[in-house]
Structures are given as structure tokens and as C-alpha cells.
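Novice: Structure for the following, please:
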Amino acid sequence: MHWSKKVLFFIAALSLIIPVTANAVEGPLDTTGQQDGGIGNTTNFLDEAPNIAVDPKVNDIIYPLFATPAIKKKGQTLTVKIDSHGKKAGSWSIKLKPTNHSAFTETYDLPVKKVSSGDSHWKDSSTIYDVTVQIPENIPEELYDLEIEYTSNGQRKTDEQPHSVKVVDEYKKDFTFLHLTDTHIGSPRNLGDHDDPSSIDPGRVKEAGMWDPDPEKRWLYLQKAIKEVNMKNPDFVVVTGDLMYGQMNPQEYIYEYEETYKMLQKLDVPVYLVPGNHDYYAQDATLADGAEYWEQYFGPQYFSFDYGPYAHFIGYNSFDWHKFDRSGHGTVSVPTWGGQIRQKQLDWVKEDLKKNEDTAQAGQVKGLFSHHNPLWRDRDIWPKDDQEVQEYWKQYDAQHNPQNLETLALGEKLGIKYDQQWHGENAHELIDVMKQYNVDISLHGHTHIDDVTEKDGILYTTTTAIELSGKPWVGFRPFQMKDGKITDYNYEEPGHSVPVYQNGDTTAGIMSLESSYANQNDGTASEQQVTVTNRLKKDMTITVPIYVVKGDYTVSIGEVKQNVASGNKQYIEVELTVPANSTKEIDIN
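Specialist: Residues are numbered from 1 along each chain as shown. Modelled structure (predicted):
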């Protein structure tokens, strides 16, 4: 099907996605969540790629991964976990290679210091090897791909994980990180005004780039957001689920997971991913299980990581339901899209925080992130005087994990009426664990709105969507740490994120932060001029990466953070603050 006809097909299908009369919850939970119970039907991208198949990205390397990278200082050791799939392995070779966005060509061998038997909380295998290697002192500060090679039963095997190791000169006590959520690749909600599901806006159609045959125009809204995130150059990024749409037909995950994996590799910073409900549906009950796709493409559904001694974060799966509870039917109506964490995962979170407590230094920030916010519980939000609500909780308490079919059907009906937030178990218990271990911050998505709530010493932040349905605008939330405290997380009050588009106007398509290069930024030019435009109401500190021919250069403005040679190319990284509503030019010669 021609792309223009495909857009028209989406337009026709859009009216099938949700009941137009669905009511949203009043107040801060005025969201798009109730639309998750809707129904859709399209062959989407399959007509252009009819033979597309699952292409697992997680194979032998099970840590670090693209979705769970390691941030390591030069000279430190890194333990790589490798699953040899039941075979005896040896003769290890571990390398760091330039990413697909780097103009560098050099690779770096990582000397093997130790090999031992290992295990994993998420990968069931009897042959996991912990291979401890050392990061060289002479390696440039950069994000790298990890490549392994080893001998298994007499044969050499190789595996690679892109963007899985970030090497730093030093961990920053005053660091920055960034939160974005609900990217929703494949979502037809991008095509029109979300308050009017039957509408189609030409400007939004362009920004959506729904399966545009030109990769540079496909998912343009997400590409623009990623460019701005890269300019902000945080020390790491967390993405809290609903990476894709996953609800248009039973085979949708096959191509949406592949597309999402490729798109997120445009990020030039370490990114940590947890699933949302849209990533985890079991479509048509047994045909395709999002949980299996997640493990094949991104790895664990929950994990923790450290940023040196200064931060400890846990990413957890808040759509932790029995497969029956998250199974779609039809094409694809879903009964459950609200949050839950079951006991096994909750116990793991508690144990991880307990272990961290034994080694954490004073001033370490502790954070949790997931798709659903445990503060917003359906038992509290749904009106208690509704007889059907009373009947639902009576049925749910009689049997859950999994629920029975009658209960699921009633829950879906009420979800369309009132939405689903934290719908199931262990919200109170999780919050108690967070308080017990002095967690500082809890990051979430799902609602497609901005909200900030401080309670019992914990900062709960919900960030608007990257999907074009985000309110008050499409945006992301940067966090600034200083002396172990979160000092800045709002673009403007009340608790709003940074808008991706100028003045939040998605139809005009003008980016809030933008940079343009006079010459190709690939290491072939001997001079460069970069124009940086800040259309926001607030000063922005950004980082500009510049690749030129190897040599000595002067930089007209800004602070040079890196100036390193690699092969016949020179990499110059310039940091500068661009005042609100202004433009700066950087000359390199």
C-alpha cells in the first residue's frame, strides 16, 4: 500500500480506537490512559515488510545491554555477564567500539582480569560467565558498543551490544539526568487532536511520520526530542515505558519492537528502559507476548544501576500482571492497563535497596522509576458509590493473579469510564519500602501529563508524553543534582517539563532547541560553524559535538570539555549556555 493511502487508512481506523464518549478522571489524572481499553485494526507496516520476523538483540551478552548500560570510569573494572547457552566457554576477547553515531574508528581491547561462574536474576541459565575486564586509561570519554568473542565447544562466537558502555573521566558529584516517557512508536493518536479522536491535523501527521518510507521523516516528533536530549547531554537518561503502541493488530510487536530499538539508538547518552503497559500486552492471548519481546530486545524487566558513588536507581516493571490479565482479545481490546507489582519483584526491590544501604556513601541519591505512579490507586480514585465499582473490587478480592474473565470484563468497562492508574497490588507496600530505605525520587509516566507531588520526603514526578498527545505539551524533564540534592526539575511552574516544540505548538513543528552545522559534522571538514538556537523562556546549557580533520583548533565561544584525536579525526566537545530566546554561533578554525 502506498504511504499516502496508508495514512488515509489510519485516519479511517482512528475512530475505532476508543469510544468517543469515554470520560476521564477529573483533576491531575486527566489522562489518555482510558483510551488504552480501545480497539483498533490495521496491517500497518506489514504490507511493506511482509516477511519481517523477530530479530532478538539480547543473545550471549546479558549485561551490560543497550537498555541497561554500564557507566564506568577510566581504569575501573567492568564485569560482563555472558550466557554461553549450556556450552563451556573460554578464550575471551572483549572490546569497546565506536557507536553508529561516532566519527571515530578506533577500537579498544579490554584486558581480562578474571573469569568466574555467575548468575542472573532475570536470565535462567546454568552457564553464565562473569568476565571482569579493565577499562583503559587512554580511552576517550565516550559512549561505546561492547563486542565479545569467545570459544564455545571449539567454535569462535561473537556478540555485540550497542551503546552499552559509557566511559567517563570522573563521576560528577553535581550530575544531571533526564526523564522521558511514552514515546508510543506506531500510535495513531499522533495524527489528530487527542480531545477529538475523529480529527486529523496535517501538521501533526507530518510530525508523526507514521511509517514514512523516508527514515529521516519517520517518527519525526521522537527524532526531534532525541536531538534535544542529545544537546542537553545528561549523564544518563531514564525512559519509563510505553515505548510503542502495540494495540493495533496481533502482529504489531514484530515490527514496532524492531523500529523502537533502532530509533532509541539515536540517543548519544546512556539510556535505561523499563516497560509500560503498551509494551507488555499479550496480543490475542497467545499469538504475541510483549513480555517475551521485551526480554529479547531489551533484557530484564527490572534492574538497578549506579552512577558511581553518587546515585543508585532501580527501574521496575509496574505492569507486572499474570499473562491472562494483560491478554488482549479481538484486534486488540485490552482489559488491564493499570499498574501492579507482584510479590517476587517487590521482594527483589527490597533486597536490592537493602544491599545498597550497606555500601552507600552519605549524600547518595536513591531513585525508583516505572511507568505507573503508586500514589494514584484506582481503589482511591474510582467512586465508591458506583455499584459496579463495588462489585468489581468484591470480585477482584475474591480472585486475582489471575483474575477471572467476568472480573476482567468489568474492570475494562470501568477503566474506559474512569481510567486505570495503579490498578492492582502492592502500591502501599512499595511506598513503605521506599520510605524505609530513604528513597529520594520516584519517576513515572502513563498519564501523558506533568505532575509533581512531594510526600513523606519522596519527590514523585510524572512527566508528560513524547507522543503528541502530551499535555500541556510534548516534553522531557531534566534533573540537576547538587551536593546530593535535587535542585532543579521544573521548566516552569506548576511542575512542567521542557517543551520539545516552541511554545508547545506541535503543528508548527519548530523545535525549542536546535543546532545546525555549516559543514558535514563527520570529521572531513577542516573548519566548522555551529548555530545554536534556544527558543525557550529559560537559559539552557547545552553540549555541541564537533568532528573535524585532525589538528589544532581554536573555539570562539564556550568551554571545551573534550579535545581528542582518533585516527585522522579530531573530536571537540563544546559546552555553552544559550540565553532564553537567543542564538549563539560557535566558530571552529
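Novice: Poorly predicted segments of the chain, please.
Specialist: Residues of the chain that meet the criterion pLDDT under 70 lie in 1-52, 194-195, 197-198, 250, 284-286, 330-332.
Novice: all helices for it, in order.
Specialist: With helices called from DSSP state H, the chain shows them at 3-14, 202-208, 220-232, 252-264, 290-297, 343-359, 378-381, 387-398, 405-418, 427-436.
Novice: all strands in the stretch 1-150 of the chain, in order from the N-terminus.
Specialist: Ranges of strands within the stretch 1-150 of the chain are 61-63, 70-73, 77-83, 89-98, 108-109, 112-118, 128-134, 142-152, based on DSSP state E, counting those that start in this stretch.
Novice: taking these together, which one is wrapped up most tightly?
Specialist: For the strands of the stretch 1-150 of the chain, average neighbour numbers computed from mean count of other CB atoms under 10 Å are highest in strand 61-63, which has a mean of 24. All C-beta atoms are positioned from the backbone trio N, CA, C, and that covers glycine.
Novice: Packing partners of it?
Specialist: Judged by 3 or more CB pairs under 8 Å, 6 or more residues apart in numbering; DSSP states H and E, strand 61-63 is in contact with strand 77-83, strand 155-168.
Novice: Now tabulate those in CSV and tack on distance to Y316.
Specialist: Output for the helices and strands packed on strand 61-63, formatted as CSV (distance: least, CB to CB, whole Å):
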stretch, distance to Y316
strand 77-83, 20
strand 155-168, 20
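Novice: and of those, who's closest to K227?
Specialist: Among the helices and strands packed on strand 61-63, the nearest to K227 by CB to CB is strand 155-168 (16.1 Å).
Novice: angle of that closest one against strand 77-83?
Specialist: Relative orientation of strand 155-168 versus strand 77-83 (axes from the mean of the first three to the mean of the last three CA atoms, to 10 degrees): 140 degrees.
Novice: Buried residues in strand 155-168, which are they?
Specialist: For strand 155-168, the neighbour count (16 or more other CB atoms under 10 Å) marks K157, D159, E160, Q161, P162, H163, S164, V165, K166, V167, V168 as buried.
Novice: Same check on stretch 445-459?
Specialist: G445, H446, T447, H448, I449, D450, D451, V452, I458, L459.
Novice: likewise stretch 320-330?
Specialist: Buried residues in stretch 320-330, defined by neighbour count with 16+ other CB under 10 Å: D320, W321, H322, K323, F324, D325, R326, S327, G328, H329.
Novice: Give me the contacts around that stretch.
Specialist: Applying CB atoms under 8 Å, 6 or more residues apart in numbering, the external contacts of stretch 320-330 come out as 39, 247, 250, 277, 280-286, 289-291, 301, 319, 334-336, 340-342, 345, 401-403, 408, 424.
Novice: Among the residues you listed, name the buried ones.
Specialist: Neighbour-count burial (16+ other CB under 10 Å) applied to these gives 39, 247, 250, 277, 280-284, 289-291, 301, 319, 334-336, 340-341, 345, 402-403, 408, 424.
Novice: from those, which ones fall inside strands?
Specialist: If you go by DSSP state E, the buried ones among the contacts of stretch 320-330 have A282, Q283, D289 in strands.
Novice: Assess the claim that the first one and G290 are in contact.
Specialist: Same thing as A282. Yes - between A282 and G290 there is a contact at 6.7 Å, judged by CB atoms under 8 Å.
Novice: gap between the residue nearest to D109 when sequence neighbours are not counted and K57?
Specialist: Distance criterion CB to CB, 6 or more residues apart in numbering; nearest residue to D109, sequence neighbours excluded, is K95 at 5.7 Å. According to CB to CB, to the nearest Å, K95 stands 18 Å off from K57.
Novice: The spatially most central residue of the chain: what's it in contact with?
Specialist: With distances taken as CA atoms, centre = their mean, V239 lies nearest the centre of the chain, 2.6 Å away. For V239, the contact set (CB under 8 Å, 6+ apart) comprises H179, L180, T181, T183, L264, V271, Y272, L273, V274.
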